Each structure stands twice: as structure tokens, then as C-alpha cells.
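>>> can't give you the sequence, but here's the structure:
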């Protein structure tokens, strides 16, 4: 007769061997990471807006398409579609050395653009009325920057490898974005706004222009759209339209980032409560520390966020004279004189969210690096 203790040991050993065999089977069945150099090269060239290399890698990725995950295949489709939007057929016109006209599209609506090359970084000027009664605008920028591969100067520019051509891309879409008001909104209301409420008109124009750049630019330029406004946000002239537009966009993004922090792994939050200007200080901290490992998924989400926000709220913001309802249902007034009460509520909301992020460990444990003195230097020659 077998010893009960010995029988128990044999049974336990048999169960252990069975468990180990099942574990080996599961490990063997689990999909292993697949090396996808063509996909990786396509992604890198897309994020850098290196369209010549992107075309080559886009064609080559077909050779390993069967090895891609469903998520990677969706990314391939996204990159192909978005690359065409970033560099449409009319793009060669933006580097013309002579005045020209072309028909760009912003927010899926086509219009006629009148372009004059200049030594100015970027500018737009209303010049009259079109045949169909719309406000006619001339746009201008430096054509020499469009294909310039030299790095921009500044600590953040070097860190993220921002080039002059990335800045030029922002300028082009920004200046074209000034046409949002004249293209999308009622002509009579536009003229009344322009003639009677000039300050509000320019605040709205800069908001729509920066949002246009944020949506239509390539990934590197999309991030630069946020960072090249850092000096304006730090110096802060509350009457200056570019500053207020940048603050409004930062407020929209901060609301999204703090509400869904796990969706944005490249975004950093301060490990402390700012002593003053809670919302603005947090926006600046966040922009200065955006990770150089910004992912394709984050780029896609940021682009879609800008698109959804304007499609849902673009006309409403105009009708409400610059009053913006944020995703958290709080408000932002583009005209600073009307924003004091809203600002206090936003500061309180950001402080409460920041306390949660610090408590859960999602905020930084310490400063990742000191504040940068020279973030992005805009070239003057």
C-alpha cells in the first residue's frame, strides 16, 4: 500500500508538470514582437515630414504588410492619408518667388488664396472684396524657409530637432488659416466684425489660424505650433492677439491632457502647485517638457482633437464673440478683459486636477530639467 504522504507528493508533482506544460504552450502561442524596419522607417519619415523618404518607405512597407499588427495597418492608412493633406498638390506654390494664386483647402473647404513672397516671416492683409462678396485677403511669407533643412536655434529646437522648414510649414498653414473667418462665416457678420470690432476680429483670426496649423501641419510642425509661442506665453501681454490665442489653445489641450493623462504618455505635469497663474504656469511647464518620444498615436489624437473641436465649435465661437467652451464645460474668453472670472474657475479646476495627478504619481516626481532660457529662436534672416 502506497504511503499517503508520498502519493500526495506524486499528485502535486504531476499537477506542477501539467501547469508548466500549459504555460509553455501559452508562451509559444502568444504572438511575438515582429521586426518591422520598413514600417518603422515609414513612421520616422512621416513624423519628420521628410516626404521624399516617406514616399520610398510607404512603397517598401508593402513587403512586410502581412507581418504588421492590425494597429500598425491602421497607422499605415492614417499616415498615407495625412501625408497627402500635409503636402497637397498645390504645395509647390508656397515656395514661389513670384506672386501667385492657388486653391488650398482648410477644414475640407476650398478657397482662392493670393500669395506674395516677402522677407517677413508671415503676414496677411485684407485688400478688398471678392466677386462673390467675400473679404479678399493676401497672404505672404518667406519662400526661402520652405525647403530649408537647417536646425532652428534654441534649447527646445535642438532637443526636438525642429528645422526651419518645420517653422515655414506652420507659417503657411497659419496664414491660410486667417481665411477661416472670410470663408466659413456669414459675409455681413464678418464685415461688421472687421469694421466695428477690430480687436475681437484679430483675436479670432489668430485663434482660427493657430488651430488650422495645429490640424493641417505634419507631426513635428504640430508640436512646434505649441512650443514656438512659449516666449509670448511667458512674457504675456494680455492685449496681444497671438498670446491670447495661444493661451486659449493651451487651455483646450490642458483640459484634455489632465482629464485623460494615460492617453498622453509624452505629456508631463508639474510635481508642485504653481504659486500663481496656475493654468498658464502648467501650460508652460507642459509645453517645455513634451517628450521627444511623442508617439504616432499621440500625434493622431492631437490632430483629431483639433479637428473635432473646430468642427463642433468654430462657428459658435464666432457667434459668441470669442467665448470658448472648453471640454470640461468651463469657459475661456479670447478678450482678456472679459475673462477674469472664467480664469479664476479654470485655475481652481487645474489645481484640483493637479493635486490628483501628484497623488496618483502621474505628475513628475521632480523637475525633469530646468526651465529653458532659449526655447525656439525665430530666424530673422
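Everything's here; your move. As the structure is a prediction and not an experimental result, all values here were calculated from the model.

>>> all contacts plus neighbour counts: C-alpha atoms, from now on.
Will do.

>>> so what does whatever helix or strand residue 356 lives in touch, helix or strand wise?
Residue 356 is located in helix 340-360, with elements delineated by DSSP states H and E. Counting by 3 or more C-alpha pairs under 8 Å, 6 or more residues apart in numbering; DSSP states H and E, the packing neighbours recorded for helix 340-360 are helix 241-259, helix 278-288, strand 331-333.

>>> redo these as CSV? Include mean pLDDT and distance to residue 139.
Formatted as CSV, those follow (pLDDT from 0 to 100; distance: least, C-alpha to C-alpha, whole Å):
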stretch, mean pLDDT, distance to residue 139
helix 241-259, 98, 17
helix 278-288, 96, 28
strand 331-333, 98, 27
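
>>> give me the number of residues near the nearest residue to residue 250 once chain neighbours are set aside?
Once flanking residues are discounted, residue 250 sits nearest to residue 283: 6.0 Å by C-alpha to C-alpha, 6 or more residues apart in numbering. Residue 283 has 22 neighbouring residues, counting by other C-alpha atoms under 10 Å.

>>> was I right to think residue 283 contacts residue 249?
No: Residue 283 is beyond contact range of residue 249, at 9.8 Å (criterion: C-alpha atoms under 8 Å).

>>> residue contacts, the residue nearest to residue 250?
The contact partners of residue 283, taken as C-alpha atoms under 8 Å, 6 or more residues apart in numbering, are 250, 251, 254.

>>> buried ones in the helix holding residue 356?
343, 346, 347, 349, 350, 351, 354, 357, 358 (16 or more other C-alpha atoms under 10 Å).

>>> quick one: contacts of it?
Outside helix 340-360, the residues touching it (C-alpha under 8 Å, 6+ apart) are 258-259, 269-273, 277-279, 330-333, 363-364.

>>> which among these end up buried?
If we count by 16+ other C-alpha under 10 Å, these have these buried: 258, 269, 270, 271, 272, 278, 279, 331, 332, 333, 363.

>>> excluding covalently adjacent residues, which one is nearest to the fourth one?
For residue 271, ignoring the flanking residues on the chain, the nearest one in space by C-alpha to C-alpha, 6+ apart is residue 364 at 5.0 Å.

>>> for the stretch 101-250 of the chain, which spans come out with low pLDDT?
128, 130, 133-135 (pLDDT under 70).

>>> those helices in it, which residues are they?
Using DSSP state H, counting those that start in this stretch, the helices of the stretch 101-250 of the chain run over 155-160, 164-177, 180-184, 187-196, 198-216, 219-227, 230-235, 241-259.

>>> who is the closest residue to residue 104 other than its chain neighbours paired with across the strands?
Nearest residue to residue 104, sequence neighbours excluded (C-alpha to C-alpha, 6+ apart): residue 110, at 5.6 Å. Legend: beta-bridge partners of residue 110 under DSSP bridges are residue 105.

>>> would you agree residue 110 is in contact with residue 103?
Yes: under the criterion of C-alpha under 8 Å, residue 110 makes contact with residue 103 at 6.2 Å.

>>> the two: which is more packed in?
Legend: neighbour count by other C-alpha under 10 Å for residue 110 and residue 103, higher for residue 103 (15 against 12).

>>> ok now stretch 89-107, how far from the chain's centre?
23 Å (C-alpha atoms, centre = their mean, to the nearest Å).

>>> and that stretch, which residues are buried?
In stretch 89-107, counting by 16+ other C-alpha under 10 Å, buried: 93, 94, 95, 96, 101, 104, 105, 106.

>>> how about the second one, nearest residue that isn't a chain neighbour?
Excluding its sequence neighbours, the residue lying closest to residue 94 (C-alpha to C-alpha, 6+ apart) is residue 143, at 6.6 Å.

>>> give me the neighbour count for the one you found.
For residue 143, the count of nearby residues is 23 (other C-alpha under 10 Å).

>>> what is the neighbour count of residue 122?
Neighbour count of residue 122, defined by other C-alpha under 10 Å: 17.

>>> dig out what it forms beta bridges with.
Going by DSSP bridges, residue 122 forms beta bridges with residue 141.

>>> ok, it touching residue 173?
No: judged on C-alpha under 8 Å, residue 122 makes no contact with residue 173 at a distance of 10.2 Å.

>>> ends of stretch 96-104, how far apart?
Stretch 96-104 has an end-to-end distance of 15 Å (criterion: C-alpha to C-alpha, to the nearest Å).

>>> and for stretch 365-379?
35 Å.

>>> next: stretch 224-233.
With C-alpha to C-alpha as the measure, stretch 224-233 spans 14 Å from end to end.

>>> check stretch 266-283 too.
With C-alpha to C-alpha, one end of stretch 266-283 sits 14 Å from the other.

>>> picking that back up, which of the helices of the stretch 101-250 of the chain is buried the deepest?
helix 164-177 (a mean of 25; mean count of other C-alpha atoms under 10 Å).

>>> tell me how far that one lies from the chain's centre.
13 Å.

>>> next one: stretch 291-299
In terms of C-alpha atoms, centre = their mean, the centre of stretch 291-299 is found 10 Å from the chain centre.

>>> isn't residue 117 right up against residue 145?
No: look at residue 117 against residue 145 with C-alpha under 8 Å: they stay out of range, at 11.1 Å.

>>> give me the buried positions along stretch 283-303.
Residues of stretch 283-303 classed as buried under the neighbour-count rule (16+ other C-alpha under 10 Å) are 283-290, 294-296, 298-300, 302-303.

>>> understood, closing this out.
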